[in-house]
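Enquirer: Sequence first, then the predicted structure, then my questions.
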Amino acid sequence: MKIIAVIPARYASVRFPAKLMQDLCGKTVILRTYEAAKGTSLFDDVFVVTDSILIYDEIISNGGKAIMSVKEHESGSDRIAEAVANLDVDIIVNVQGDEPFMEKAPLAKLLSVFHNDLHNQIDLASLMREITNEAEINNPNNVKVVTDQNQFALYFSRAVIPYRRDANSDAKYFQHIGVYAFRKKAIMDFSKLPVKSLEASEKLEQLRYLEFGKRIKMVETDHISIGIDTIEDLEKARKILGS
């Protein structure tokens with residue numbers, strides 16, 4: 001089974017323009033992310049796929065592999081689908097370009113579900129972690145996921161799901177961590193499917209998979225992702241590397 005990591009990397013960002021090219025203790029954010037993915041030794045290959053010649057050159061000039069997008073894309077999944085269309089690969093892991101502190105353990109746990117999926121019942125897999133803090137649960141920026149008894153996703157939402165009708169309910173809440181591992185067919189199918197009402201309403205691309213019957217296996221982890229979405233995040237990352 002051939003497994004690769006693909007890092008979709010847009011230059012533009014509404015909250016933090018050009019964040020992937022910011023200096024992070026001597027290296028750009030995108031280069032550190034690429035090196036972190038390589039450093040896990042989990043992948044047969046690692047690529048950055050980008051719409052920016054600056055990001056492309058940054059990776060290539062440092063000995064990495066990068067692919068320039070031909071088309072404009074609304075989502076990272078669409079960008080990845082274009083990049084892998086002609087690659088001989090079984091599993092593609094979508095690594096977020098603004099997360100230079102990725103850890104090997106949760107990624108290995110994510111990939112293990114495919115090694116154990118003897119009947120190809122899993123189209124894609126993703127991570128979730130339990131949250132108990134009320135502010136985190138109620139924050140619409142923290143996407144929540146509910147699953148069935150076999151840990152397949154039933155629904156993702158920015159709203160609080162499940163709804164706790166009784167105060168003493170033992171309901172648990174899980175935050176979706178946006179790291180995905182796809183079978184190639186699943187992501188190629190995704191790129192051909194239209195946006196439907198659930199995805200349009202919640203602005204969550206994973207709902208497109210559910211709306212069209214794809215099965216998403218959720219893997220629980222205690223990993224807390226550290227993304228760089230703001231200048232403040234960048235300063236925290238510099239402190240982590242400098243400590």
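Expert: Cool, the structure landed. Numbers count the residues shown, from 1 in each chain.

Enquirer: now the strands for the protein?
Expert: Taking DSSP state E as the criterion, the chain carries its strands at 3-9, 23-24, 27-28, 45-50, 66-68, 91-94, 124-131, 144-147, 153-157, 173-183, 216-220.

Enquirer: Identify whichever of those lies nearest to A237.
Expert: A237 sits nearest to strand 23-24 of all the strands of the chain, at 5.8 Å, using C-beta to C-beta. All C-beta spots, glycine's among them, are computed from the backbone N, C-alpha and C.

Enquirer: Identify the residues contacting the residue most central in space within the chain.
Expert: Nearest to the mean C-alpha position of the chain, by C-alpha atoms, centre = their mean, lies V179 at 2.9 Å. Going by C-beta atoms under 8 Å, 6 or more residues apart in numbering, V179 touches 93-96, 102, 106-107, 110, 126-127, 225.

Enquirer: and with 10 Å instead?
Expert: Counting by C-beta atoms under 10 Å, 6 or more residues apart in numbering, V179 touches 93-96, 99, 102, 106-107, 110, 125-127, 219, 221, 223, 225.

Enquirer: And L111, by the same measure?
Expert: 1, 3, 42-43, 91, 93, 125, 181, 219.

Enquirer: Recalculate using a threshold of 8 Å.
Expert: Counted by C-beta under 8 Å, 6+ apart, L111 has contacts 3, 42, 91, 93, 181.

Enquirer: V6 now?
Expert: By C-beta under 8 Å, 6+ apart, the contact set of V6 is 46-49, 80, 83-84, 92-95.

Enquirer: Output the strands of the chain in a markdown table; the columns should cover mean pLDDT and distance to D229.
Expert: What follows is the strands of the chain, written out as a markdown table (pLDDT from 0 to 100; distance: least, C-beta to C-beta, whole Å):
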| stretch | mean pLDDT | distance to D229 |
| --- | --- | --- |
| strand 3-9 | 94 | 14 |
| strand 23-24 | 93 | 14 |
| strand 27-28 | 95 | 16 |
| strand 45-50 | 95 | 18 |
| strand 66-68 | 94 | 22 |
| strand 91-94 | 96 | 17 |
| strand 124-131 | 96 | 18 |
| strand 144-147 | 98 | 19 |
| strand 153-157 | 98 | 19 |
| strand 173-183 | 93 | 12 |
| strand 216-220 | 97 | 23 |
